[in-house]
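Student: coordinates only, sequence not included:
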């Protein structure tokens, strides 16, 4: 026992030491997993900021839309450069509304369906913006554990080869190779777990925002339909 303890004390099990002692194949796996982890966290932070801004834009526009300001005035104030998803959806509907008026100020037949289609296209674009890049999180979350497992299997294979060459099964020979192999699995999980958690969260957030956009489009379409009927 004392010899095992002394052997363990002489071996450096720090993360850097484990990486430096690993075989080239395992090093490549570790570097790949570290890159995947950094990339996923960059996407996560970017999406957190994007979804926070999208929720703020939706809340702000909702207050403005229901404030009683005439729709034509609101559209003129937004102009041709709407900011935020709700403004772009509103502008798509109002833009089609104005385009559907003839020279006499009367509505061209089929106005309502064209307004609905315009807003649906705008909603589709906004949903695509929200979910852009999430496929990378899904890919990292689903593949990183298996990439780490490959590094572990390769590291254990290398460790057994070293045992066979040295014909020594002592702690000093076995432990470093096993530790290096397990580090690859740990890095795989480190990359995969946050990616899976935040992927599911962002998909749920995107679904909620998309539903809000569709609800607004339905309410706006109802208002315009009422004006068409009154006209």
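Tutor: Alright, I've got the coordinates. Not measured: the values here are computed from a predicted model. Numbering: from 1, shown residues only.
Student: The helix or strand that contains residue 215 packs against which elements?
Tutor: Using DSSP states H and E, residue 215 maps to helix 171-230. Judged by 3 or more CB pairs under 8 Å, 6 or more residues apart in numbering; DSSP states H and E, helix 171-230 is in contact with helix 2-10, helix 15-21, helix 24-65, helix 85-99, helix 111-131, helix 134-166. Heads up, the C-betas are built off the backbone N, CA and C, glycines and all.
Student: Out of those helices, which is the most enclosed?
Tutor: Compared across the helices and strands packed on helix 171-230, helix 85-99 shows the largest average neighbour count, a mean of 21 (mean count of other CB atoms under 10 Å).
Student: chain center to that one: distance?
Tutor: For helix 85-99, the separation from the chain centroid amounts to 28 Å (computed by CA atoms, centre = their mean, to the nearest Å).
Student: what residues does it touch?
Tutor: When contacts are defined by CB atoms under 8 Å, 6 or more residues apart in numbering, helix 85-99 is touched by residues 54, 57-58, 61-62, 65, 71-72, 74-75, 78, 80, 82, 111, 114-115, 118-119, 121-123, 125-126, 129, 209, 213, 216-217, 220-221, 224.
Student: what about 7 Å?
Tutor: Defining contact as CB atoms under 7 Å, 6 or more residues apart in numbering, one finds that helix 85-99 is touched by 54, 57-58, 61, 71, 75, 78, 82, 114-115, 118-119, 121-123, 126, 213, 216-217, 220, 224.
Student: likewise stretch 185-192?
Tutor: Here stretch 185-192 makes contact (CB under 7 Å, 6+ apart) with 30, 33-34, 36-37, 40, 140-141, 144-145, 147-149, 152.
Student: hmm, try it at 10 Å
Tutor: 15, 19, 29-41, 137, 140-153, 155 (CB atoms under 10 Å, 6 or more residues apart in numbering).
Student: Now do it: distance to the chain's middle.
Tutor: With CA atoms, centre = their mean as the basis, stretch 185-192 stands 18 Å off its chain's centre.
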